[in-house]
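Q: Here is my input, please return the structure:
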Amino acid sequence: MFTIPGPDGRRVTRADTRHRMACVKGAARTRRAHPRVPRRMARPIFEAQHRMTLLDQFLAESESVAAALVEDDGTILESNLALGHLVGSTPSLHEIVVPAQRAILTTLLTEAGPGWHFVQAGLVRSSGDVVDCRIWAVVHRDRILVLAEPLRRPGEKLNALLLELNDDLLKARRELGAKNRRLRELDELKNMFLASATHDLKTPLTSILGYAEMLGEERLPAGARGMALTIENSAHRLLVMINDLLGAASIMTGELKLERSQTDLVSVVRQAVDGIRPAARAGHVTITQGGTESAKALVDERRVLQTLDNLLSNAVKYSPQGGQVTITCQTEGHDVSITVADTGIGIPASDLKQLFGRYFRASTALDRGIEGTGLGLANARSFAEAHGGRLTCTSEPGVGSTFTLVLPHG
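A: Okay, the predicted model is just below:
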């Protein structure tokens, strides 16, 4: 069975034998209707009619190509929705063409034949706006089929793309803003937790450290003395870490406040050295204090002590057994300079630029599994800068490192 377009345009179904007869009869009628069409053109005409049937369906459903069947004078017989969307309701093509270009349309309609012809002309929308279109015309079933498609002006496609990209960018920016707000909320919660948790940890640890120091001063058997020293050393290390967390929390929340007073920095250096001695003895590292006998400055004693605790703790941790740590306090003009030098493993040049970054750990520390929070040096530099001072470092791998804290007299 075959389904074909018949001579009158309707689709018919025939068996194979009848199909050939229908083609022959259709061809005969076609030749009678169009005497100048040769026999060999009969079948192509039927095929063209079949294609036109498919074209009818396409045009009816098309949303971008405006289509209309018109008379020679431009009267519209049928049209699709796309034409209505483009120019609104109109009885004639001539009414929607720019007056100065109507002659072009007339020529197109009168010269329309079996082949496609096109012109470019402006069509007037119902709003009065003019849209440039490419207009095609072809003879279709004794009528003229006219197609119209708006032309894009130079840059219009790019503008449309830019508008689309801008919409996507605005959407992404809104989503990113929402995520950033959520991250800030989580960061604030984290800082609040750090401040609360570390403060609660510090209170009992201070008691442990105090009692361990008292035990170390008692006359104890060698084994007990060693255990007391271990307790004191471990408690001091924990205290440094807790102070790092507290300091980081105050810096990140913008709540870092200095309680300045006239302070003898040599005395602060001595306190820091006394605090690190248990760890130095446990690691067989020698600590030497040198420099001037007195150097006063207007500083926050607690923050300076925390900075020196951190510098000395690092110096001891990164020094091998038999290593040497030297801390020196000097007055230099309007400043006080405190230097902590060690004979430890040193820091690679590639790590020096990031050394004072929050949570950064030098590769030499990671390779050796040396513990730390990565906050101490970041806090120390922040404390120095809050005083109007600075903290710098020079280092050579395998030789050692030197940290210099410079604070103004005030």
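Q: Give me the nearest residue to Ser92, chain neighbours excluded.
A: Spatial nearest neighbour of Ser92, excluding adjacent residues (C-beta to C-beta, 6 or more residues apart in numbering): Gly74 at 4.8 Å. Every residue, glycine included, has its C-beta placed from N, CA and C.
Q: Domain boundaries for this structure, per the record?
A: Following automatic domain parsing, one gets these domains for the chain: 1-53, 62-151, 257-408.
Q: Any chance of a markdown table for those, columns mean pLDDT and distance to Leu176?
A: Putting those into a markdown table (pLDDT from 0 to 100; distance: least, C-beta to C-beta, whole Å) gives the following:
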| stretch | mean pLDDT | distance to Leu176 |
| --- | --- | --- |
| domain 1-53 | 41 | 52 |
| domain 62-151 | 83 | 35 |
| domain 257-408 | 90 | 23 |
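Q: right, so the ones you listed: which one is the most enclosed?
A: Counting by mean count of other C-beta atoms under 10 Å, domain 257-408 has the highest mean neighbour count of the domains of the chain, with a mean of 18.
Q: What residues does Ala195 make contact with?
A: Neighbouring residues of Ala195 by C-beta atoms under 8 Å, 6 or more residues apart in numbering: 246, 249-250, 253.
Q: Of the residues you listed, which is the most crowded?
A: Greatest neighbour count in the contacts of Ala195, by other C-beta atoms under 10 Å, goes to Ala249: 23 neighbours.
Q: residues contacting it?
A: Ala249 touches 191, 194-195, 198, counting by C-beta under 8 Å, 6+ apart.
Q: pLDDT at it, what is it?
A: For Ala249, the pLDDT comes out at 75.
Q: any idea which element it lies in?
A: Applying DSSP states H and E as the criterion places Ala249 in helix 222-252.
Q: Give me the distance between the next helix or strand after that helix and the centre of its chain.
A: Counting by DSSP H and E, the element after helix 222-252 in chain order, helix or strand, is strand 261-264. Distance of strand 261-264 from the chain centroid (C-alpha atoms, centre = their mean, to the nearest Å) equals 48 Å.
Q: Show me the contact partners of strand 261-264.
A: By C-beta under 8 Å, 6+ apart, strand 261-264 touches 294-301, 304, 410.
Q: Repeat the analysis, applying 10 Å as the threshold.
A: Outside strand 261-264, the residues within contact range by C-beta atoms under 10 Å, 6 or more residues apart in numbering are 270, 293-302, 304-305, 329, 336, 407, 409-410.
Q: go on, stretch 102-113?
A: Residues external to stretch 102-113 that are found in contact with it (C-beta under 10 Å, 6+ apart): 70-74, 93-98, 117-121, 123, 135-140, 143-146.
Q: how far away is the nearest residue to His387 once chain neighbours are set aside from Val299?
A: Excluding the flanking residues, the one nearest His387 by C-beta to C-beta, 6+ apart is Leu407, at 5.3 Å. Distance, Leu407 to Val299, using C-beta to C-beta, to the nearest Å: 6 Å.
Q: joint contacts of the two?
A: Counting by C-beta under 10 Å, 6+ apart, the shared contacts of Leu407 and Val299 are 263, 265, 307, 336, 383, 387-389.
Q: and which of the residues you listed is nearest to Gly226?
A: Thr307 (30.3 Å; C-beta to C-beta).
Q: what helix or strand does that closest one sit in?
A: Using DSSP H and E, the element containing Thr307 is helix 301-317.
Q: Packing partners of the helix or strand following that helix?
A: Using DSSP H and E, the helix or strand that follows helix 301-317 in sequence is strand 324-332. Under the contact definition 3 or more C-beta pairs under 10 Å, 6 or more residues apart in numbering; DSSP states H and E, strand 324-332 sits against helix 265-282, strand 286-291, helix 301-317, strand 335-342, strand 400-408.
Q: Could you dump these into TSV and include distance to Val240?
A: Shown next, in TSV, are these (distance: least, C-beta to C-beta, whole Å):
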stretch	distance to Val240
helix 265-282	9
strand 286-291	15
helix 301-317	5
strand 335-342	14
strand 400-408	15
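Q: who wins for proximity to Asp187 among these?
A: Proximity to Asp187 (C-beta to C-beta) singles out helix 301-317 among the helices and strands packed on strand 324-332, at 22.9 Å.
Q: helix or strand for the residue sitting nearest the centre point of the chain, which one?
A: Residue closest to the mean C-alpha point of the chain, counted by C-alpha atoms, centre = their mean, is Leu176 at 7.8 Å. Assigned by DSSP H and E, Leu176 belongs to helix 156-217.
Q: Am I right that Glu95 is in contact with Val124?
A: Yes - assessed by C-beta atoms under 10 Å, Glu95 is found in contact with Val124 at 8.1 Å.
Q: joint contacts of the two?
A: Common neighbours of Glu95 and Val124, using C-beta under 10 Å, 6+ apart, are Val87.
Q: ok, now how distant is the residue nearest to His387 from Leu209?
A: 26 Å.
Q: export the domains of the chain to TSV and tack on distance to Ile242?
A: TSV is the format used below for these (distance: least, C-beta to C-beta, whole Å):
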stretch	distance to Ile242
domain 1-53	85
domain 62-151	69
domain 257-408	10
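Q: which residues touch Asp300?
A: Asp300 neighbours (C-beta under 10 Å, 6+ apart): 256-261, 263, 306-307, 383, 386-387.
Q: Give me the nearest residue to it, chain neighbours excluded.
A: Spatial nearest neighbour of Asp300, chain neighbours left out: Leu258 (4.1 Å); criterion: C-beta to C-beta, 6+ apart.
Q: For that neighbour, give its distance to Leu407.
A: Distance from Leu258 to Leu407, counting by C-beta to C-beta: 11 Å.
Q: overlap in contacts of these two?
A: 298-299, 304, 383, 387.
Q: can you pull the buried residues of stretch 215-231?
A: For stretch 215-231, the neighbour count (16 or more other C-beta atoms under 10 Å) marks 215, 228-229, 231 as buried.
Q: Kindly apply the preceding question to stretch 178-189 instead.
A: By 16+ other C-beta under 10 Å, stretch 178-189 has no buried positions at all.
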